[in-house]
Structures are given as C-alpha cells and as structure tokens.
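Q: Let's see this in three dimensions:
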Amino acid sequence: ADRTGSLAFVLGALLGVDEEELRRDWETTALSMKEPYFVHAELYDKLVAGFDRFPGTTIRERAEAYVRSLGFTAADIETLRNILLDPAR
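A: Residues are numbered from 1 along each chain as shown. This is a model prediction of the structure:
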C-alpha cells in the first residue's frame with residue numbers, strides 16, 4: 001500500500017481526482033497493512049506534505065509539477081490523461 005498507494009495517489013492527482021477521494025483511496029489500501037510502523041494517517045500526511053514544495057494551488061497542479069521535475073513533459077502528462085480518461089477505451 002505504501003509504494004503502490006503513493007503511485008496511485010500521484011496518478012489520481014494527475015487525472016484530477018478530488019483530494020478527499022485520494023485520501024479515502026489511501027486509507028482503504030492502508031486497511032491491509034498490519035505492520036506496526038505503518039500509521040496510515042501519518043504517512044498520508046507526509047505524502048501530501050511532500051508535494052507542498054512544488055508550485056500550484058491544487059494537488060493536481062503540484063503533482064503535475066512533481067512529475068515534470070522528474071523529466072516528464074506536459075505532452076507526456078496529456079498523453080497519460082488521454083489514455084486513462086478516454087471513455088472509448
């Protein structure tokens with residue numbers, strides 16, 4: 001849930017999923033974690049706070065700035081959105 005959940009969070013944010021829905025998805029994946037170190041609320045807060053250093057007023061904008069800092073282009077992000085949000089697929 002931590003690595004996969006983080007990736008799902010970033011993808012969801014890029015696709016415009018509401019921040020409350022992103023939080024619920026994260027909490028749902030955390031239900032399967034039984035390790036004592038996995039405090040989902042604390043880790044979720046750290047995940048979201050990690051995006052605070054990127055520009056933007058929404059989590060979508062900050063996630064986009066984050067993936068662009070990794071080398072993805074605006075065209076890459078748009079292609080991802082077209083593939084995953086295209087209702088014909």
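Q: element containing Thr28, please.
A: If you go by DSSP states H and E, Thr28 is part of helix 19-30.
Q: Average pLDDT for that helix, rounded please.
A: Helix 19-30 carries an average pLDDT of 83.
Q: so what's Val67 up against?
A: Counting by CB atoms under 8 Å, 6 or more residues apart in numbering, Val67 makes contact with Val10, Leu14, Asp76, Ile77. Using the backbone N, CA and C atoms, a C-beta is placed for each residue, glycine as well.
Q: Tell me the secondary structure of the last one, please.
A: So the one you mean is Ile77. What DSSP: H, G, I helix; E, B strand; the rest coil gives for Ile77 is helix.
Q: before we move on, back to that, mind telling me the two of the contacts of Val67 farthest from one another?
A: Longest distance between any two of the contacts of Val67 is 13.2 Å, between Val10 and Asp76; criterion CB to CB.
Q: Between the two, tell me which one has more neighbours.
A: Val10 (18 against 13; other CB atoms under 10 Å).
Q: Distance of that one relative to Glu42?
A: Separation of Val10 from Glu42 (CB to CB, to the nearest Å) stands at 19 Å.
Q: just Phe54 next, same as before
A: For Phe54 relative to Glu42 (CB to CB), the value is 21 Å.
Q: So for those two, which sits in the more crowded spot?
A: Neighbour count, other CB under 10 Å: between Phe54 and Glu42, Phe54 has more, with 16 against 10.
Q: With adjacent residues omitted, what lies nearest to that one?
A: Among residues not flanking Phe54 along the chain, Ala65 sits closest, at 3.8 Å (CB to CB, 6 or more residues apart in numbering).
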